[in-house]
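Participant: Turn this into a structure:
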Amino acid sequence: MATSYHAVYGAWNTSSDAFWGKAAEDIDWYRKPNRAFDGTLGVYGHWFADGETNTCCNCLDRHVEAGHGDRYALIYDSPVTDRVQHFSYSDMLAEVETLAAVYLDLGISKGDRIIIYMPMIPEAVFAMLAAARIGAVHSVVFGGFAANELAVRINDTEAKLVVSASCGVESGRLIAYKPLLDAAIALSPHKPDRCLILQREQVEAAIDEIRDIDFAAAMERSRQAGRAVPCVAVRATDPLYILYTSGTTGQPKGIVRDNGGHMVALRWSLPNIFGIGPGEVFWAASDIGWVVGHSYIVYAPLLNGSTTVLYEGKPVGTPDAGAFWRVIADHKVSVLFTAPTALRAIRKEDPEGVKAKSADLSSLRALFLAGERADPDTVRWAEAVLGTPVIDNWWQTETGWPIAANPLGLGLLPVKYGSAAVPMPGYTICVLDDAGHPLPAGTLGNIVIELPLPPGCLPTFWKADERFRRGCLSEFPGYYRTADAGYIDDDGYIFIMSRTDDIINVAGHRLSTGSMEEICASHADVAECAVIGIADPIKGQVPAGFLVINANVERDAAEIEREVIGLVRDRLGPVAAFKTAICVKRLPKTRSGKILRGTMQKIADRESWKMPATIDDPIVLEEITLALNARGIGAAS
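Facilitator: Next comes the predicted model:
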């Protein structure tokens with residue numbers, strides 16, 4: 001933990017095999033791998049290919065066997081149902097072993113696929129770990145996802161079993177899951193054999209007597225039987241889970257995660273990047289439907305012997321903008337990991353940070369941000385309000401753990417606002433032009449990662465090796481294409497400015513929407529913002545900014561818009577052609593908090609568009625359409 005980043009990164013750079021071979025010693029193996037990386041296997045190689053292990057064993061059994069069974073593994077905090085539960089490692093192991101026996105009784109075996117379509121409740125975590133225990137492959141689908149999108153995932157995985165709940169509970173509304181599940185099964189060419197349904201007290205689901213099984217009743221029968229279910233040895237290269245990226249439609253993009261490399265990378269990352277030790281409380285305020293939830297709600301904390309928080313609520317509205325600070329105070333959270341959009345939502349409701357300043361946050365050592373670019377203004381606000389380091393980090397569903405970060409566990413480096421800091425061991429980052437030529441420091445271009453990707457990263461797409469090669473590896477031979485745009489400065493700090501699709505071309509000048517958003521967000525009255533490029537017959541594209549104003553601001557919107565336009569022109573110059581700023585109530589986002597800039601751009605350019613499957617509230621797109629129409633932009637709503 002005291003070793004410096006530069007020494008650790010240098011050790012990896014000197015011998016990747018030796019570095020990851022040593023990291024693999026922190027994992028329990030049934031058969032230890034003889035070598036770290038084998039480049040002759042798979043699409044670009046495999047990690048620990050001759051090793052055998054089990055992820056559930058490493059998350060639960062080994063901690064109990066080491067005498068830590070009484071340590072808290074999971075804290076469930078649900079303001080929407082007014083419930084808090086604590087599960088020790090022994091408690092978790094008992095629940096998971098019971099559910100694993102249910103799976104076996106339903107005919108599930110090693111390699112079979114299980115769809116998990118559940119809210120943020122402990123049973124969802126048990127369902128993941130029980131699948132891992134018997135060597136089955138899980139695919140978590142965000143609870144409440146549209147029926148057609150769920151059907152695509154059921155069909156692509158050829159799932160034998162779906163584990164679901166009767167409903168999800170959100171602030172002010174209930175979402176019945178069972179009708180969506182029934183519709184999805186009707187739509188899917190492949191039909192699961194069985195559905196295991198957890199009845200929640202808020203909504204009782206209708207049960208199909210032939211296909212559906214009551215979760216609680218099945219668990220009780222399994223407990224009464226008291227059957228021991230040992231962990232099944234799987235190859236390190238066997239899939240642990242399939243996670244479909246947001247926006248999946250007709251051609252599914254299932255990210256495959258293996259067992260061995262995944263465990264080694266996550267077990268290394270929690271103490272070294274996030275600075276968390278065994279027994280300490282780590283809270284990733286995300287959802288298990290997303291990669292952050294897989295990696296840092298479920299697997300990394302449990303692999304590390306730490307305590308994880310499972311939160312069924314929102315940053316605001318359950319009940320107010322002090323929700324996050326209440327959870328930290330109640331459960332003595334050491335490190336919080338959330339998305340910048342969550343902070344922006346909190347800041348909008350409580351610009352002065354009154355609720356944070358009045359809470360006991362003495363346990364909090366650091367705040368990590370990822371999911372969208374952490375604009376400097378939001379970072380500075382959080383630093384001032386919390387009085388702790390606020391650490392940006394950058395990664396993707398495909399990588400499964402941070403590509404770049406400021407590693408708290410290795411000793412923090414100097415902060416550069418707007419930067420995700422430096423590459424983690426395993427990652428060599430380059431910036432290339434569109435022809436694949438390296439660009440000098442400070443020049444905006446395509447961010448790529450030199451092959452092979454480190455442990456924990458995807459080895460391929462589910463049932464689609466060639467599509468993986470074509471989509472991720474072919475454009476820049478020898479590199480993985482991140483589809484992110486940015487630059488690296490003279491000190492090696494990485495600045496992720498936008499997706500490559502968000503680079504706009506204004507009269508021949510390539511400009512980053514991220515740099516414009518950074519300026520817009522610096523205005524004192526702006527809570528959050530998004531900038532998109534709109535087609536223009538003269539310049540090709542021109543930028544338009546959408547501004548969400550802080551809750552306590554009563555100034556004229558037109559005046560704020562003029563000031564923001566002036567800021568962008570002052571800092572970027574007339575070349576940016578930034579002449580349109582529009583104040584809106586809110587921005588359209590996915591449930592993970594990503595702003596739907598691409599859909600906004602299609603609306604503005606009068607192109608056909610489809611309602612994104614991952615959208616949090618479809619009404620927001622109608623509000624955006626009306627706001628554009630009022631400025632004479634876009635098609636009529």
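
Participant: contacts, neighbours, all on C-alpha from now
Facilitator: Fine.

Participant: Please tell me how far the spatially closest residue to residue 549 that is not a sequence neighbour sits from residue 618.
Facilitator: Among residues not flanking residue 549 along the chain, residue 526 sits closest, at 4.6 Å (C-alpha to C-alpha, 6 or more residues apart in numbering). Separation of residue 526 from residue 618 (C-alpha to C-alpha, to the nearest Å): 23 Å.

Participant: And residue 53, by the same measure?
Facilitator: As defined by C-alpha to C-alpha, residue 53 lies at a distance of 43 Å from residue 618.

Participant: between those two, which one's more packed in?
Facilitator: residue 53 (25 against 15; other C-alpha atoms under 10 Å).

Participant: Tell me who's in contact with the closest residue to the more buried one other than its chain neighbours.
Facilitator: Distances taken as C-alpha to C-alpha, 6+ apart put residue 29 closest to residue 53, at 4.6 Å, once the chain neighbours are dropped. Taking C-alpha atoms under 8 Å, 6 or more residues apart in numbering as the criterion, residue 29 is in contact with 51-54.

Participant: The stretch 51-200 of the chain: strands as residue ranges?
Facilitator: With DSSP state E, counting those that start in this stretch applied, the stretch 51-200 of the chain shows strands at 52-53, 72-78, 83-88, 113-117, 137-140, 161-165, 167-170, 173-176, 194-198, listed in chain order.

Participant: So for residue 253, which of those sits nearest?
Facilitator: Relative to residue 253, the nearest member of the strands of the stretch 51-200 of the chain by C-alpha to C-alpha is strand 137-140, separated by 12.3 Å.

Participant: what's the closest one packed up against?
Facilitator: Counting contacts by 3 or more C-alpha pairs under 8 Å, 6 or more residues apart in numbering; DSSP states H and E, the secondary-structure elements packed against strand 137-140 are strand 113-117, helix 122-133, strand 239-244.

Participant: Can I get the longest one in CSV, CA atoms only?
Facilitator: In other words, helix 122-133. Output for helix 122-133, consisting of C-alpha atoms alone and laid out as CSV, is shown next (Å, rounded to 0.1, in the frame of the first residue of the first chain):
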residue,chain,number,x,y,z
PRO,A,122,-29.9,-8.7,-1.5
GLU,A,123,-31.5,-11.6,-3.4
ALA,A,124,-30.1,-10.2,-6.6
VAL,A,125,-26.6,-10.4,-5.2
PHE,A,126,-27.3,-13.9,-3.9
ALA,A,127,-28.5,-14.9,-7.4
MET,A,128,-25.2,-13.8,-9.0
LEU,A,129,-23.0,-15.6,-6.5
ALA,A,130,-25.1,-18.7,-6.5
ALA,A,131,-24.7,-18.9,-10.3
ALA,A,132,-20.9,-18.5,-9.9
ARG,A,133,-20.9,-21.2,-7.2
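
Participant: Next, the angle strand 194-198 makes with it.
Facilitator: An angle of 140 degrees separates the directions of helix 122-133 and strand 194-198 when computed by axes from the mean of the first three to the mean of the last three C-alpha atoms, to 10 degrees.

Participant: returning to that earlier point: how many neighbours does the residue nearest to residue 549 have?
Facilitator: Per other C-alpha under 10 Å, the neighbour tally for residue 526 reads 24.

Participant: okay but it is in contact with residue 518, surely?
Facilitator: No. Using C-alpha atoms under 8 Å, residue 526 is not in contact with residue 518; the gap is 10.9 Å.

Participant: Which SSE is immediately downstream of the lowest-mean-pLDDT helix or strand in the chain?
Facilitator: The helix or strand of the chain with the lowest confidence, counting by mean pLDDT, DSSP states H and E, is strand 509-512 at a mean of 70. Elements were assigned by DSSP states H and E; along the chain past strand 509-512, the next helix or strand is helix 513-521.

Participant: Can you give me the distance of the nearest residue to residue 228 once chain neighbours are set aside to residue 226?
Facilitator: Closest residue in space to residue 228, ignoring its immediate chain neighbours: residue 97 at 7.0 Å, by C-alpha to C-alpha, 6+ apart. For residue 97, the distance to residue 226 (C-alpha to C-alpha) stands at 9 Å.

Participant: cool, residue 157 as well?
Facilitator: Using C-alpha to C-alpha, one gets 31 Å for the distance from residue 157 to residue 226.

Participant: now swap in residue 102 and tell me
Facilitator: Taking C-alpha to C-alpha as the measure, residue 102 falls 11 Å from residue 226.

Participant: residues in contact with the helix or strand containing residue 582?
Facilitator: Per DSSP H and E, residue 582 falls inside strand 580-584. The list of residues contacting strand 580-584 from outside it, by C-alpha under 8 Å, 6+ apart, reads 543-549, 557-558, 561-562, 564-565, 623-624, 627.

Participant: Which residue ranges of the stretch 251-400 of the chain form strands?
Facilitator: Using DSSP E, counting those that start in this stretch, the strands assigned to the stretch 251-400 of the chain run over residues 254-258, 281-284, 307-311, 335-338, 366-369, 390-394.

Participant: Show me what the fourth one packs onto, helices and strands only.
Facilitator: With contacts defined as 3+ C-alpha pairs under 8 Å, 6+ apart, the packing partners of strand 335-338 are strand 281-284, strand 366-369.

Participant: what separates the first one from the chain centre, distance-wise?
Facilitator: A distance of 14 Å separates the centroid of the chain from that of strand 281-284, by C-alpha atoms, centre = their mean, to the nearest Å.

Participant: which residues touch that strand?
Facilitator: For strand 281-284, the surrounding residues in contact (C-alpha under 8 Å, 6+ apart) are 276, 292-293, 296-297, 301, 306-310, 331-338.

Participant: one more time with 6 Å, if that's ok
Facilitator: With C-alpha atoms under 6 Å, 6 or more residues apart in numbering as the contact definition, strand 281-284 has outside contacts at 296-297, 307-309, 333-338.

Participant: Ok, stretch 200-214 next?
Facilitator: 166, 194-197.

Participant: wait, what's in contact with the nearest residue to residue 407 once chain neighbours are set aside?
Facilitator: Counting by C-alpha to C-alpha, 6+ apart, residue 273 is the residue found nearest to residue 407 once chain neighbours are left out, at 4.1 Å. With contacts defined as C-alpha under 6 Å, 6+ apart, the neighbours of residue 273 are 407-409.
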